[in-house]
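Q: need the 3D shape of this:
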Amino acid sequence: MMLLPWSHKTSAGFALSGWYSPPTGKPLLHFLHGNGFCGRTYEPFIERLAEHFDLWLCDLQGHGDSEHGGTFLGWNRNAELALEAFEAGRGRYGDVPRYACGHSFGGVLSGLILGTRPDVFQRAVLLDPVVFPPRLLAMRSLLALIGKRANPVSNKARGRRDTWPDREAAYKALHGRGMFRGWEELAFQAHIDHALDEQHGKGVVLKCRPSREAEVFESFPNRTWHWLGQVQAPTLILHGDASYPFVAESAGKLSRRNPSFSERVVPGGHCFMLEDSAMAAEQTRAFLLGE
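A: Modelled structure (predicted):
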């Protein structure tokens, strides 16, 4: 799989970056990663899809090779900027079918793009998107009004270690622990290779600052359910049978409220596509190609 770097200076004043595969005439797949990760964390999954699609991977604000960009601009604005970068670069592929795929945070942003710009993508697969049910959104909105945005997940992110003497030390410290438990070896190695940055002889550091990861966890999209209700493209929600219960709850509600959505439960946790890339890629490929 050949991937080339791209960078786009956004209308927000900072650069988004990512990777693209050279155009071959195959359908084009736009992929957005989860919070704290980067596009190339998903290499085993992406590589299987590269047999059937040309690829556009975007690292979101403060993730991967994209600039930190100051204050986190929120989920909706990040969706707009990811689309802005895609619109600037997709002309090289010509008039081919365009599909969307995203995991977790990136799955929600992909859904926002589908809802606000129904002309861009013909089909989509959302991988365990963290769509909060209306009751949870109402509660979080009330807490935000009184200045309480922190939660156990964001607190844990803020306390996350982000530097190590070298990649080998980071590998040993993180392997098989926390969110990385159950990951395929190749996926974990891809994260070590691409989500860490060299500090000019001072070791390695996470490209996504723990504070940025926490900011994402402490926020949520505006008008989530309104925009997802506007989705017109056939969209499959794949969610793991051992993932967060609210993901399954929202997937069921969406598929009942909007006939454009369907859902399917697959084995695994929230990062099932990093635990079993072959299964996840085959499910994604088959739906996007209408099989």
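Q: show me where this structure has its helices.
A: According to DSSP state H, the chain carries its helices in the segments 43-49, 75-89, 105-116, 134-145, 152-158, 167-174, 185-194, 210-217, 224-229, 245-257, 272-275, 277-288.
Q: quick one, which of those is nearest to Leu238?
A: Smallest distance to Leu238 across the helices of the chain (Cβ to Cβ): 5.8 Å, for helix 277-288. No exception for glycine: its C-beta is placed from N, CA and C like everyone else's.
Q: and stretch 164-181, which residues are buried?
A: 164, 170-171, 174 (16 or more other Cβ atoms under 10 Å).
Q: look at Arg158 and report its pLDDT.
A: For Arg158, the model assigns a pLDDT of 83.
Q: against Leu206, how distant is it?
A: Distance, Arg158 to Leu206, by Cβ to Cβ, to the nearest Å: 13 Å.
Q: who has more neighbours, these two?
A: More crowded of Arg158 and Leu206, by other Cβ atoms under 10 Å: Leu206, with 21 against 16.
Q: in this structure the more buried one contacts Asp162, no?
A: Yes - the pair Leu206 and Asp162 qualifies as a contact (Cβ atoms under 8 Å) at a distance of 4.3 Å.
Q: where are the low-confidence patches of the protein?
A: For the chain, the stretches flagged by pLDDT under 70 are 140, 142-150.
Q: point me to the residue sitting farthest from the middle of it.
A: Gly201 (30.6 Å; Cα atoms, centre = their mean).
Q: dihedrals phi and psi, that residue?
A: Main-chain dihedrals, Gly201, degrees, to the nearest 10: phi 80, psi 0.
Q: state the distance from it to Asp162.
A: Taking Cβ to Cβ, one finds Gly201 at 17 Å from Asp162.
Q: do the same with Val96
A: Val96 is 39 Å from Asp162, by Cβ to Cβ.
Q: neighbours around the residue lying closest to Thr41 once chain neighbours are set aside, how many?
A: Using Cβ to Cβ, 6 or more residues apart in numbering and skipping the chain neighbours, the partner closest in space to Thr41 is His191 (4.4 Å). Number of residues near His191 (other Cβ under 10 Å) recorded here: 25.
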